[in-house]
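Trainee: Generate a structure from the sequence data that follows.
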Amino acid sequence: MVVGYSAITSFGLSKYFNDPTHLYLTFKLSLGFTFRVNLFLHSINAIFFFVNRYNQSQLLAEKFQKETAEAQFNVLRSQINPHFLFNSFNVLSTLVHKNPDSASKFIDQLSIVYRYVLNHEQNKIVPLKEELDFLKSYVYLLKIRFQENLFIAIDIADNLNNTQIAPATLQLLIENAIKHNVVSKSNPLNIKIFCDDTHIIVENSILRKEFKEDSTNIGLANIRKRYDYLCGKDAIITNSNGVFKVKIPIIHEL
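Mentor: So this is what the prediction gives:
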């Protein structure tokens, strides 16, 4: 019986494989299966390839964006010094003729101011306390020039000393207020610098000059772009009820 079954099985298989129709169908099925497997594998490879290319493109785009932003920031930062220097020499040239002693002290304070500017020329941010110390010398220089025609009050909580600020931000805002408003005995300019939970605030009374001074137009635009670069937040600027106010985001850490 076993021999007979083996013989029948061998005969059946022999007939199956020798039959051209069955061979064609087997070949066709094998070819179709192989094609589908290859197609699937190629699809997987293509997916990995395009995902990898996409990731590389994203990284290159982010790198380009960062480098562009960095270049723009460097341009903005380099614009501080010439404008500040120009105004300082104007003040000094006046003092030298009117009051040599005051001019000498002015030079001492100016050296402190410029030491700060030069030391932080390459810094994106500085501790707020250093900025405030720098500002004291800068305000002294202004008071030499404007006397009682200018009032600047600074009230910043000590717990913010270790927060960060872009170098010379407050100096630029004070300079901007003086540039655009009357500073005189009959119309003294009042500037206040204080803070809330999220911002450092610089506000000044408004009495626009009849004739505008020459301006490089970099003050407020500079600050807004710098803070957008540093922390993705904009400076808030308002002008109402005779008060011009700029709110600078407090940077706790980067």
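
Trainee: use CA for all of it now, contacts and neighbours both
Mentor: Will do.

Trainee: Within the helices and strands, which one has the spatially closest residue to L95 that is not a sequence neighbour?
Mentor: Take L95 and drop its neighbours on the chain: the residue closest to it by CA to CA, 6 or more residues apart in numbering is A103, 5.2 Å away. Per DSSP states H and E, A103 falls inside helix 100-119.

Trainee: And for the residue nearest to L95, the neighbour number?
Mentor: A count of nearby residues for A103, using other CA atoms under 10 Å, gives 20.

Trainee: circling back to that earlier point, by contact count, what packs against the next helix or strand after the helix holding A103?
Mentor: Elements were assigned by DSSP H and E; along the chain past helix 100-119, the next helix or strand is strand 126-127. The contact analysis (3 or more CA pairs under 8 Å, 6 or more residues apart in numbering; DSSP states H and E) places strand 126-127 against strand 164-165.

Trainee: and the next element down the chain from the strand it packs on?
Mentor: Next along the chain from strand 164-165, counting by DSSP H and E, comes helix 169-180.

Trainee: and the residue nearest to L95, how far is that from R145?
Mentor: Relative to R145, A103 is positioned 10 Å away (CA to CA, to the nearest Å).

Trainee: Common neighbours of the two, please.
Mentor: Residues touching both A103 and R145 (CA atoms under 8 Å, 6 or more residues apart in numbering): L95.

Trainee: Got the domain ranges for the chain?
Mentor: Domain assignment of the chain by automatic domain parsing yields the ranges 2-73, 80-249.

Trainee: can you tell me which of those domains the model trusts least?
Mentor: Sorting those by mean pLDDT places domain 2-73 lowest, at a mean of 56.

Trainee: can you give me the helices in the stretch 151-254 of the chain?
Mentor: 169-180, 219-231 (DSSP state H, counting those that start in this stretch).

Trainee: Just send these back as a markdown table, with distance to S137 too.
Mentor: A markdown table is the format used below for the helices of the stretch 151-254 of the chain (distance: least, CA to CA, whole Å):
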| stretch | distance to S137 |
| --- | --- |
| helix 169-180 | 10 |
| helix 219-231 | 20 |
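
Trainee: Could you dump those helices into JSON lines with distance to N90 and mean neighbour count added?
Mentor: Formatted as JSON lines, these follow (distance: least, CA to CA, whole Å; neighbours: other CA atoms under 10 Å):
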{"stretch": "helix 169-180", "distance to N90": "13", "mean neighbour count": "19"}
{"stretch": "helix 219-231", "distance to N90": "19", "mean neighbour count": "18"}
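
Trainee: right, so of those helices, which gets closest to P127?
Mentor: Nearest of the helices of the stretch 151-254 of the chain to P127, taken as CA to CA: helix 169-180 at 12.0 Å.

Trainee: my guess is A153 meets I191, correct?
Mentor: Yes: here A153 reaches I191: they are 6.4 Å apart, a contact under CA atoms under 8 Å.

Trainee: For these two, indicate the residue with more neighbours.
Mentor: Between A153 and I191, I191 has the larger neighbour count (other CA under 10 Å), namely 22 against 12.

Trainee: you'd agree that one is up against I152?
Mentor: Yes: applying CA under 8 Å, one finds I191 in contact with I152, separated by 4.7 Å.

Trainee: Now do the contacts for the nearest residue to K233 once chain neighbours are set aside.
Mentor: Using CA to CA, 6+ apart and skipping residues adjacent in sequence, the residue nearest K233 is Y227, 6.0 Å away. Contact analysis of Y227 by CA under 8 Å, 6+ apart lists A166, K233, D234, A235, P249.
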